[in-house]
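>>> quick check, what structure comes out for this input:
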Amino acid sequence: MNFSKKILSQTITQLCLVKGIDHIVISPGSRSAPLTIGFTEYPSFKNFSIVDERCAAFFALGLAQQLRKPVALVCTSGSALLNYYPAIAEAFYSDIPLVVISADRPKELIDVGDGQTIRQENVFSNHILYSANCKEGDAHQVYNETEINIALNTAIELKGPVHINAPFSEPLYETVDDLQIRPQHVPARAISTLFSENLEPFINKWNASTKKMILVGVLEPDSIEKKYIETLAEDKSVMVFTETTSNLHHENFFPAIDQLIAPLDTKGFEKLKPEILLTFGGMVVSKKIKAFLRSYPPEIHWHIDAKKAFDTYFVLKHHFKTTPNIFFKQFLSGIEKANSTYRNDWLAVKEHRLLEHKKYEERIPFSDFKVFSMIFKRLPEAVQLQLSNSATIRYAQLFSIDASVQVFCNRGTSGIDGSTSTAIGAASISERPTVYITGDLSFFYDSNALWNDHIPKNFRIIVINNNGGGIFRILPGAKNTEHFTTYFETEHQFSAAQLCTMYGFEYTSARNEEDLQKGLDQFFDGTSVPKLLEIFTPSQVNDAVLLEYFKSIQ
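Numbering: from 1, shown residues only. Alright, predicted model coming up:
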């Protein structure tokens, strides 16, 4: 077995190995040769080659999303490293562990006009949990071991991105047949299950209230114990609002938030306004629920999270620094079910909305709304569903998705830039078939995501192509802006067909309801290559259909 002769490379790779960081996404480069040799020559590492560093970082994000443990990224020096930043920001806000390992020039070559050289130390300082700036040379071995241990343990313990910057001088490709160093491993701390806060005052407030709202953001599938779900669902004084990305289901919950609240008037909002708001999970998609809770604020807002609490609604009163399961284990044992009609009154509204929703689906023309309705009715059970941002994730909130489906979306920063790469990274490691639904701009923006050899044959992409950024037509006043089609909607006439030919996807298209029914008939069947279904919808109709929807379900 060959190892890089560079001691720093051996230190990094061996500490990754002993800490279980064994999935490595590598982009090509010369300065990073010691790292690439170190990872690829060791059979315990599973390596992925991705040329485009921005795609590589989002691909790694998808891997870490599914593995629920850190994934390492390796790149060369210079601007290559900066291409990681969008995915690092997403990982930072989504609590996904990434280990960025960048090769660098020796310190004496920084800012002297040497090629492929930038100021790499602390380059991600605003969106990183830890930056380990290593030093070259045997004299710095203890320092480097300490920094690398801290960085890797931080990614493991705090679930977020870290950066290890590793300078290497030439020669870069020399190898040895045995390790020259056995770095000291400082184990990561186990996650504590202790939660000693006195909950009695909070339980008393909860029991005294007849209007409690629980709002759940992004959650990993199966992360909340079923007994706690059932307890919350049985309480008539509690409304539990979930989203597609919450991966939380019960018939007494309220999964389509915008469907419920968009048609409300002032009287309805006053009736809905909770006394206590309890939140957990990651980012919330619905802008309407945010606007409602800011305009009609609860008296109390509590948030449950072991790491952080955002004051999203500007009335945050307390942060329970623990996991939801640990919190509910202690909290729910002391609660009493209040005599209240709060939940049941709104379940009646929910039932009415669903009836009107069904009627509306049947009478509307071919449009984005109609397409999403048809897709979700045909979506197979027990798949992994990856969703892009912008219009896609917002439409998805309005439709029922089977509880067996696991849903993911990059909601940390809510960008469209790496959704396809993330979906492919997740698909490459998932045991479930993966279906990825995206809009045209998001798909074309990240088309380099298809440029790798790691796409499974059961991967399915649905591109809803409305020839531009259709969501801008929905935003108030946007389409009346001068030069709207050029600079906001960014109208185009591109198709994914040529990309499918280039990258070996089976391609199908649909331009009307009949085409789509036929396309969906066999789209999810097994084949020897991945498939893409491109659905062309009329941009001039889509916004009117969606806006009319909220009026029709009143």
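
>>> residue 165: what secondary structure?
Here residue 165 takes the strand state, with states given by DSSP: H, G, I helix; E, B strand; the rest coil.

>>> and it, what are its bridge partners?
Beta-bridge pairing of residue 165, defined through DSSP bridges, involves residue 102, residue 133.

>>> mind pulling the model confidence for it?
Note on residue 165: pLDDT of 98.

>>> go on, residue 148?
Looking at residue 148, its pLDDT is 98.

>>> who touches stretch 122-141?
7-8, 11, 81-82, 84-85, 88-89, 92, 100, 106-107, 121, 143-144, 147-148, 150-151, 154-155, 158, 160-169, 181 (C-beta atoms under 8 Å, 6 or more residues apart in numbering). For every residue, glycine as well, the C-beta is placed using N, CA and C.

>>> which parts of that stretch are buried?
Going by neighbour count (16 or more other C-beta atoms under 10 Å), the buried part of stretch 122-141 is 123-124, 127-136, 141.

>>> from the residues you listed, pick the one nearest residue 361.
residue 127 (41.0 Å; C-beta to C-beta).

>>> which residues touch the closest residue in space to that closest one that isn't next to it in sequence?
Spatial nearest neighbour of residue 127, chain neighbours left out: residue 92 (4.3 Å); criterion: C-beta to C-beta, 6 or more residues apart in numbering. With contacts defined as C-beta under 8 Å, 6+ apart, residue 92 is in contact with 127, 128, 129, 160, 161, 412.

>>> will you turn those residues into JSON lines that also has pLDDT?
As requested, those are exported to JSON lines (pLDDT from 0 to 100):
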{"residue": "127", "pLDDT": "97"}
{"residue": "128", "pLDDT": "98"}
{"residue": "129", "pLDDT": "98"}
{"residue": "160", "pLDDT": "98"}
{"residue": "161", "pLDDT": "98"}
{"residue": "412", "pLDDT": "95"}
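
>>> still on that earlier bit, buried members of the contacts of stretch 122-141 into ChimeraX, please.
Remark: buried members of the contacts of stretch 122-141, expressed as a ChimeraX selection using 16+ other C-beta under 10 Å:
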select :7,8,11,81,82,84,85,88,89,92,100,121,144,147,148,151,154,155,158,160,161,162,163,164,165,166,167,168,181
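
>>> return the subset of the contacts of stretch 122-141 lying in helices.
7-8, 11, 81-82, 85, 88-89, 92, 143-144, 147-148, 150-151, 154-155, 158 (DSSP state H).

>>> wait, residue 193 sits on residue 326?
Yes - Residue 193 lies in contact with residue 326 (C-beta atoms under 8 Å); the separation is 6.0 Å.

>>> which one of these two has more residues nearby?
In this view residue 193 and residue 326 are compared by other C-beta atoms under 10 Å, and residue 326 has more residues nearby, 16 against 10.

>>> which helix or strand contains the more buried one?
helix 324-331 (DSSP states H and E).

>>> show the subsequent helix or strand relative to that helix.
The first helix or strand that comes after helix 324-331 along the chain, using DSSP H and E, is helix 342-363.

>>> gap between the residue nearest to residue 127 and residue 361?
39 Å (C-beta to C-beta, to the nearest Å).

>>> quick one, what contacts residue 226?
Residue 226 makes no contacts at all, as judged by C-beta under 8 Å, 6+ apart.

>>> quick check: it vs residue 344, distance?
22 Å.

>>> low pLDDT regions in the stretch 351-500 of the chain?
The stretch 351-500 of the chain contains residues with pLDDT under 70 at 469-489.

>>> 90 - rerun?
Across the stretch 351-500 of the chain, the ranges flagged by pLDDT under 90 are 467-494.

>>> what about stretch 254-270, start to end distance?
Using C-alpha to C-alpha, to the nearest Å, the gap from the first to the last residue of stretch 254-270 comes to 18 Å.

>>> and the contacts of that stretch?
So stretch 254-270 is contacted by 239-244, 246, 249, 272, 286, 288-289, 292, 295-296, 346, 349-350, 353, 357, 394, 397-400, 550-551, 553-554 (C-beta under 8 Å, 6+ apart).

>>> show me what counts as buried in that stretch.
Within stretch 254-270, the residues that count as buried by 16+ other C-beta under 10 Å are 254, 255, 256, 257, 258, 259, 260, 261, 262, 263, 264, 268.

>>> and this structure, what are its domains?
Following the assignment in automatic domain parsing, the chain carries domains at 3-176, 200-347, 364-552.

>>> save those domains as a markdown table, and put in distance to residue 189 too.
Listed next are the domains of the chain as a markdown table, based on distance: least, C-beta to C-beta, whole Å:
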| stretch | distance to residue 189 |
| --- | --- |
| domain 3-176 | 6 |
| domain 200-347 | 13 |
| domain 364-552 | 24 |
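
>>> out of those, deepest packed?
domain 3-176 (a mean of 21; mean count of other C-beta atoms under 10 Å).

>>> can you get me the start-to-end distance on that domain?
Termini of domain 3-176 sit 5 Å apart (C-alpha to C-alpha).

>>> ok, which stretches of the stretch 151-300 of the chain are helices?
Ranges of helices in the stretch 151-300 of the chain, per DSSP state H, counting those that start in this stretch, are 200-208, 226-234, 257-261, 266-272, 287-295.

>>> between the ones you listed, which gets nearest to residue 116?
Closest among the helices of the stretch 151-300 of the chain, once you apply C-beta to C-beta, is helix 287-295, at 42.4 Å.

>>> run through the neighbouring helices and strands of that closest one.
If you count contacts as 3 or more C-beta pairs under 8 Å, 6 or more residues apart in numbering; DSSP states H and E, helix 287-295 packs onto helix 257-261, helix 266-272.

>>> tell me the first helix or strand C-terminal of it.
Next along from helix 287-295, by DSSP H and E: strand 300-304.

>>> which secondary structure elements does the next helix or strand after that next one contact?
Next along the chain after strand 300-304, taking DSSP H and E as the criterion, comes strand 316-320. Here strand 316-320 touches strand 300-304, going by 3+ C-beta pairs under 8 Å, 6+ apart.

>>> not counting its neighbours along the chain, what's nearest the most centrally placed residue in the chain?
Compute the mean C-alpha point of the chain, and by C-alpha atoms, centre = their mean the closest residue is residue 410, 2.8 Å away. The shortest distance from residue 410 to any residue other than its chain neighbours is 5.2 Å, reached at residue 90 (C-beta to C-beta, 6+ apart).

>>> quick check: that neighbour touching residue 61?
Yes - contact criterion C-beta under 8 Å: residue 90 and residue 61 qualify, at 6.2 Å.

>>> quick one: contacts for the residue nearest to the centre of the chain?
The neighbours of residue 410, taking C-beta under 8 Å, 6+ apart as the test, are 58, 61, 90, 94, 389, 418, 419, 422.

>>> and those residues, which is closest to residue 231?
Closest to residue 231, out of all of those and judged by C-beta to C-beta, is residue 94, at 27.9 Å.

>>> excluding its backbone neighbours, what's nearest the closest one?
Nearest residue to residue 94, sequence neighbours excluded (C-beta to C-beta, 6+ apart): residue 412, at 3.4 Å.

>>> for that neighbour, grab phi and psi.
Main-chain dihedrals, residue 412, degrees, to the nearest 10: phi -60, psi -50.

>>> go ahead and confirm it touches residue 245.
No - taking contacts as C-beta under 8 Å, residue 412 lies outside contact range of residue 245: 11.2 Å.
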